[in-house]
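# fold the following for me, if possible:
(one chain, ligands or ions: 1)
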Amino acid sequence: MKMIQDFDFKGVKAIVRVDFNVPLDKKTLVVTDDTRIRGAIPTLRKIIGDGGSVILMSHLGRPEGRMEKYSLKPVLPVLEKHLGQSVKFADDCLGESAVSMSAALKPGEVLLLENVRFYPEEEGKPVLPETATDEEKKAAKAELKLKQKEMARKLAGYADVYVNDAFGTAHRAHGSTAVIADFFPKDKIMFGFLINSELAAMDKVLNNAQRPFTAIMGGAKVSDKILLIENLLNRVDNLIIGGGMTYTFVKAKGGKIGKSLCEEDKLDLALKIIEKAGEKNVNLYLPVDSVNGDKFDNEANIRVTAVDAVDDGWMGLDIGEKTIEEFSGVIGKSKTILWNGPMGVFEMEKFSKGTTAIAKAIASATSKGAFSLIGGGDSVAAINRNGLADKVSYVSTGGGAMLEYMEGKKLPGIVAIRGE
Ligand code: AMP
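Down below sits the predicted model:
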C-alpha cells in the first residue's frame, strides 16, 4: 500500500475525498464548527507543497437531488483561510465546469467540487415511492449501481491519483469513498494523513493496548453500543457503563429505576453482558448513585439516590458523586482509555457534571502517561466544551465510522485502499 508521506506529488493531480460535512448555521449558512476542515489541511499541504494540484470532493448533509442549502460554497472561505490561499469552486461535481476546471488546474492550485450527493448515484440508494414492489426496488438499485460506477469513473478521470481522507464516511460504500478506487492502479491510491492517524489510534487501542485498558461506554441506548461492548469484552480489563444505558442494566439486576430510560427488550442482553464480563475477568463498573430529575428538563427538581432505588415518577439523568469518585479512580490507574458516550444528559447544565468529571479524569490520566481515545459526537463535544481536546491523546472525527471499525467491521472506504 502506498503511503502519502512517501509519495512525491510533483506535477501530479490528486483527487481527494474529504469529509467537509460540517454544521452550518440554518439562517446564515455560515460554518459553525470547522474541525473537519482543519482535519484535512495536512494532506492538502503535503500535495501542494510537493508541487501537485488538488481536486476536492465531499458531501454535505443528506440532499435529495440538487438543493442549494446543501451547497459546499460556505466551506470555501473557511478552507481558504486555513490553507492560506485561494480555492476554485466548480458548481457541479460532474458537469462541464468540473471537467474543464480540473483539466486546467495548475501545480499548487486547489479546486473544490460541489456536493457529490447532489447525484443519488453517489450513495447508490434509489428514492422510490412506498408503493414500489420488491422487483422495482431491485431493478432501480441495480440501475443506480451502474450509474454509481459511471460517476466514479468520471471523477477518477479528473486526476492521476486518488487520496481518501474522509474518515467520517469510510463506513459507506459510496462512489467517491470506495468505488472510485477501482479506476486507479493500486500504486495510485492511498489514505491521507487524517485517515492514517485515525487508523493508528484505533489499532493501538484494539491491538496494542497497554494495561490496564479501560473502556467507558455511555450514551442513550445499549442497543447502539452492543456490538462494540461485545468486541471490547475480549480486550479490556475494565468496562465502565454510564449514561442512559445504565438503567437497562440496573433493571435487569432487579433494581428500581422509576421512569428512567430503559430498553425492556434488552434486559436479557444486559444480563448476558454482565455474565460474559465475569467469564472474561473484565471488571464491570456500573454507577452506584444516580442524579434523578422529576422531568426531562434543565429546570427539573433533583434528587440523588442509589442507582437501584430511583423513586417512582423520577428518572436518572446523570451519575452521582460517589460514582464519579469510583470511575475516576479506575480511570486514574489506567494506561489505555477508550471513551464513547456521555455519562448523563450533558446537554442540560444540571445533568452535565458526571460527563465533565469523566472528561477531566481522562485528561488527568493522559497527563500521567495513559493513551486516551475519544470517539462519538457527544463525548467529543464534552471534551471540546471543557477545553480538553489537546489534553487527551486522540479525538476521532468519525462517530459512526469509528464505532464500526472498533466493532471489528470492515469499512468499505478502508478496504478499497488497504484491501481485506
Ligand atoms: P448516544 O448518541 O447513544 O451516544 O447518546 C447520547 C445521548 O444520550 C445524549 O444526547 C444524552 O443526553 C443521552 N443520555 C445520556 N444519559 C442519559 C440518561 N441518563 N437518560 C436519558 N438520556 C441520556
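# ok, and the closest non-adjacent residue to the closest residue to the ligand within the stretch 151-300 of the chain?
Residue of the stretch 151-300 of the chain nearest the ligand, by CB to the nearest ligand atom: Gly219 (2.5 Å). The way it works is simple: take the backbone N, C-alpha and C, and place the C-beta from them, glycine included. Distance criterion CB to CB, 6 or more residues apart in numbering; nearest residue to Gly219, sequence neighbours excluded, is Gly341 at 3.0 Å.
# so where's the stretch 51-200 of the chain uncertain?
Scanning the stretch 51-200 of the chain for pLDDT under 70 picks out no residues.
# can you pull out the strands in it?
Taking DSSP state E, counting those that start in this stretch, the strands of the stretch 51-200 of the chain run over residues 53-57, 88-90, 110-113, 161-164, 189-191.
# likewise for the stretch 201-350 of the chain?
Along the stretch 201-350 of the chain, counting by DSSP E, counting those that start in this stretch, strands occupy 213-217, 238-241, 256-257, 283-285, 289-293, 302-306, 309-310, 315-319, 336-340.
# of those strands, which is nearest Lys188?
Evaluated with CB to CB, the strands of the stretch 201-350 of the chain place strand 336-340 nearest to Lys188, the distance being 34.5 Å.
# ok, that closest one: who's next to it in the sheet?
Strands adjacent to strand 336-340 in the sheet, as given by DSSP bridges, are strand 213-217 (parallel), strand 371-375 (parallel).
# for it, what does the pLDDT average out to?
Strand 336-340 shows an average pLDDT of 97 in the prediction.
# include mean neighbour count when you put the strands of the stretch 51-200 of the chain into JSON lines, please.
JSON lines is the format used below for those (neighbours: other CB atoms under 10 Å):
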{"stretch": "strand 53-57", "mean neighbour count": "25"}
{"stretch": "strand 88-90", "mean neighbour count": "20"}
{"stretch": "strand 110-113", "mean neighbour count": "23"}
{"stretch": "strand 161-164", "mean neighbour count": "26"}
{"stretch": "strand 189-191", "mean neighbour count": "24"}
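# and this structure, which residues reach the ligand?
With the criterion set to CB under 6 Å from any ligand atom, the chain comes near the ligand through 219-221, 224, 243-244, 261, 316-317, 341-342, 344-345, 347, 376, 378.
# widest-spaced pair of those?
Every pair of the residues of the chain next to the ligand checked by CB to CB; the farthest is Gly316 and Gly376, at 20.1 Å.
# tell me which of these two has more neighbours.
When Gly316 and Gly376 are compared for neighbours, Gly316 comes out ahead with 30 against 24, by other CB atoms under 10 Å.
# Ala357 contacts Ile324, correct?
Yes - Ala357 is within contact range of Ile324, at 4.5 Å (criterion: CB atoms under 8 Å).
# how about the nearest residue to Gly242, chain neighbours excluded?
In this structure, Gly242 finds its nearest non-sequential neighbour in Met343, 3.8 Å apart by CB to CB, 6+ apart.
# what does Val16 give?
Val163 (4.5 Å).
# pretty sure that neighbour contacts Val12?
No - applying CB under 8 Å, one finds Val163 not in contact with Val12, separated by 10.3 Å.
# who touches both of these two?
Residues touching both Val163 and Val12 (CB atoms under 8 Å, 6 or more residues apart in numbering) are Ile47.
# would JSON lines of the strands paired with strand 336-340 with mean pLDDT and mean neighbour count be doable?
Converted to JSON lines, the strands paired with strand 336-340 look like this (pLDDT from 0 to 100; neighbours: other CB atoms under 10 Å):
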{"stretch": "strand 213-217", "mean pLDDT": "97", "mean neighbour count": "26"}
{"stretch": "strand 371-375", "mean pLDDT": "96", "mean neighbour count": "25"}
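# can you show me the helices along the protein?
For the chain, helices defined by DSSP state H occupy the ranges 35-50, 75-83, 96-103, 134-156, 193-207, 222-233, 246-252, 267-279, 321-332, 353-367, 377-385, 399-407, 412-418.
# just the CA trace of the longest one, in PDB.
Only the C-alpha atoms of helix 134-156 are listed here, as PDB (Å, rounded to 0.1, in the frame of the first residue of the first chain):
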ATOM      1  CA  ASP A 134     -39.600  -5.600  -4.400                       C
ATOM      2  CA  GLU A 135     -38.900  -6.200  -8.100                       C
ATOM      3  CA  GLU A 136     -39.000  -2.500  -8.900                       C
ATOM      4  CA  LYS A 137     -36.700  -1.700  -5.900                       C
ATOM      5  CA  LYS A 138     -34.200  -4.300  -7.100                       C
ATOM      6  CA  ALA A 139     -34.200  -3.000 -10.600                       C
ATOM      7  CA  ALA A 140     -33.800   0.600  -9.500                       C
ATOM      8  CA  LYS A 141     -31.000  -0.300  -7.200                       C
ATOM      9  CA  ALA A 142     -29.100  -2.300  -9.900                       C
ATOM     10  CA  GLU A 143     -29.600   0.600 -12.400                       C
ATOM     11  CA  LEU A 144     -28.300   3.100  -9.800                       C
ATOM     12  CA  LYS A 145     -25.200   0.900  -9.000                       C
ATOM     13  CA  LEU A 146     -24.300   1.100 -12.700                       C
ATOM     14  CA  LYS A 147     -24.700   4.800 -12.600                       C
ATOM     15  CA  GLN A 148     -22.500   4.900  -9.500                       C
ATOM     16  CA  LYS A 149     -19.700   3.100 -11.400                       C
ATOM     17  CA  GLU A 150     -20.100   5.600 -14.200                       C
ATOM     18  CA  MET A 151     -19.900   8.500 -11.800                       C
ATOM     19  CA  ALA A 152     -16.800   7.100 -10.000                       C
ATOM     20  CA  ARG A 153     -15.200   6.500 -13.400                       C
ATOM     21  CA  LYS A 154     -15.800  10.200 -14.400                       C
ATOM     22  CA  LEU A 155     -14.500  11.600 -11.200                       C
ATOM     23  CA  ALA A 156     -11.400   9.300 -11.400                       C
END
